[in-house]
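Novice: sequence? don't have it. structure:
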Ligand SMILES: [Fe+2]
Ligand SMILES: [Fe+2]
């Protein structure tokens, strides 16, 4: 873990990628003000815009929200790299992890509140999905994360770089879909969250860039180990206690809408291989073979992207227990913000 510890100074330099708390946005900035005198009208207007969204967009939004709400899983996982024994440490890595967690925490909060207020989502089902996901825990690496292995720590940071970019893309695409369907409030929300993901992506990508400079052999071997399986999305284990293959169904809708696709997956890999200048590293032996492998992956995934897309979206469209049937119908009475508890 010497390389990771040795990056502390560089992590400190990158703490500026976190927004100062007093200047940071909060979920309240994007939601109807329920303390205002005309709160009922504000809420009605808000719900009218949300009523124009298709069920498919709502499904992607719920899946993205559930993924964000499982933040405790990612914080626990990253602390294996950060190794903040007390949870209040002053070291740059510890300060990053807390600051990152605090920023990410707003994403789930905001999407959760937005979806609840629309009245279109079976919130209790969604809450159960989140509950399942967090209690199951999360390990980004197949075979389990070994906190004492430098390679696994690198892979964890590479995984984080990948995921921040993937979530940025998905939130930004949902923003575009929201504009097209007439919900500008949702578009603003998703764009703002995507902006956070972009800063977080810069952090992890910068740090892994340093790993590739200081320990290129360990870095490329970890990257290859991660790519040898499909990089599982953090929400992979989501379950609502009712729908089989829930994640696959969500992924199919996401692919169909173009929110996050097999081609995005290929392009993220290509992007990371490019920014870390994997092709230019001077390596020999098995590290050189890993380097060759990495340089071929984006093209390989790009080649199969259409096939994967067809396989994902080939099945019939299925209803989701997350979405209230007929929720696009007449807009509920102002003030009717019941949470559909079963
Ligand atoms: Fe996030
Ligand atoms: Fe993120």
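Specialist: Perfect, I can see it now. Source: prediction; values computed, not measured. Numbering: from 1, shown residues only. Ligands and ions are numbered 1, 2, ... in the order given.
Novice: grab the nearest non-local neighbour of the residue nearest in space to the middle of the chain.
Specialist: A centroid search over the chain (C-alpha atoms, centre = their mean) returns residue 167, at 3.8 Å, as the residue closest to the centre. Using C-beta to C-beta, 6 or more residues apart in numbering and skipping residues adjacent in sequence, the residue nearest residue 167 is residue 197, 4.9 Å away. C-betas here are computed from N, CA, C, even on glycine.
Novice: mind checking how far that neighbour is from residue 164?
Specialist: Remark: distance between residue 197 and residue 164 (C-beta to C-beta, to the nearest Å) = 5 Å.
Novice: okay, now the unreliable bits of the protein?
Specialist: Low-confidence segments of the chain (pLDDT under 70): 329-342.
Novice: residues in it within reach of ligand 2, list them.
Specialist: Taking C-beta under 5 Å from the ion as the contact definition, the chain meets ligand 2 at 164, 197, 200.
Novice: out of the residues you listed, who's nearest residue 123?
Specialist: For those, the closest approach to residue 123 (C-beta to C-beta) belongs to residue 197, at 24.3 Å.
Novice: tell me the SS of the closest one?
Specialist: helix (DSSP: H, G, I helix; E, B strand; the rest coil).
Novice: same question for residue 283.
Specialist: coil.
Novice: not counting its neighbours along the chain, what's nearest it?
Specialist: Nearest to residue 283 is residue 291, by C-beta to C-beta, 6+ apart, at 5.3 Å.
Novice: which of the helices or strands spans that neighbour?
Specialist: Following DSSP states H and E, one finds residue 291 within helix 285-313.
Novice: near ligand 1, which residues of the stretch 1-150 of the chain are found?
Specialist: So the stretch 1-150 of the chain meets ligand 1 at 68, 104, 107 (C-beta under 5 Å from the ion).
Novice: find the closest residue to ligand 1 in the chain.
Specialist: Relative to ligand 1, the nearest point of the chain is residue 107 (3.8 Å; C-beta to the ion).
Novice: give me the outermost residue of the chain relative to its centroid.
Specialist: Farthest-from-centroid check, the chain (C-alpha atoms, centre = their mean): residue 37, 36.2 Å.
Novice: on that earlier part again, the residue nearest to the centre of the chain contacts residue 64, correct?
Specialist: Yes: counting by C-beta atoms under 8 Å, residue 167 does reach residue 64; the two are 7.3 Å apart.
Novice: elements contacting whatever helix or strand residue 56 lives in?
Specialist: Counting by DSSP H and E, the element that carries residue 56 is helix 55-69. Using 3 or more C-beta pairs under 8 Å, 6 or more residues apart in numbering; DSSP states H and E, the elements in contact with helix 55-69 are helix 92-118, helix 123-136, helix 150-180, helix 246-257.
Novice: for residue 137, see how far away residue 86 is.
Specialist: Taking C-beta to C-beta, one finds residue 86 at 22 Å from residue 137.
Novice: can you check residue 325 too?
Specialist: From residue 325 across to residue 137, the span is 32 Å (C-beta to C-beta).
Novice: check residue 73 too.
Specialist: Taken as C-beta to C-beta, the span from residue 73 to residue 137 is 6 Å.
Novice: ok, these two, which is more surrounded?
Specialist: The residue with more neighbours, out of residue 73 and residue 137, is residue 73; 21 against 12, by other C-beta atoms under 10 Å.
Novice: that one: what's it in contact with?
Specialist: Applying C-beta atoms under 8 Å, 6 or more residues apart in numbering to residue 73 gives the contacts 133, 134, 137, 138, 234.
Novice: try 7 Å
Specialist: Residue 73 sits next to 134, 137, 138 when contact means C-beta atoms under 7 Å, 6 or more residues apart in numbering.
Novice: what is the neighbour count of the first one?
Specialist: Residues near residue 134, counting by other C-beta under 10 Å, number 16.
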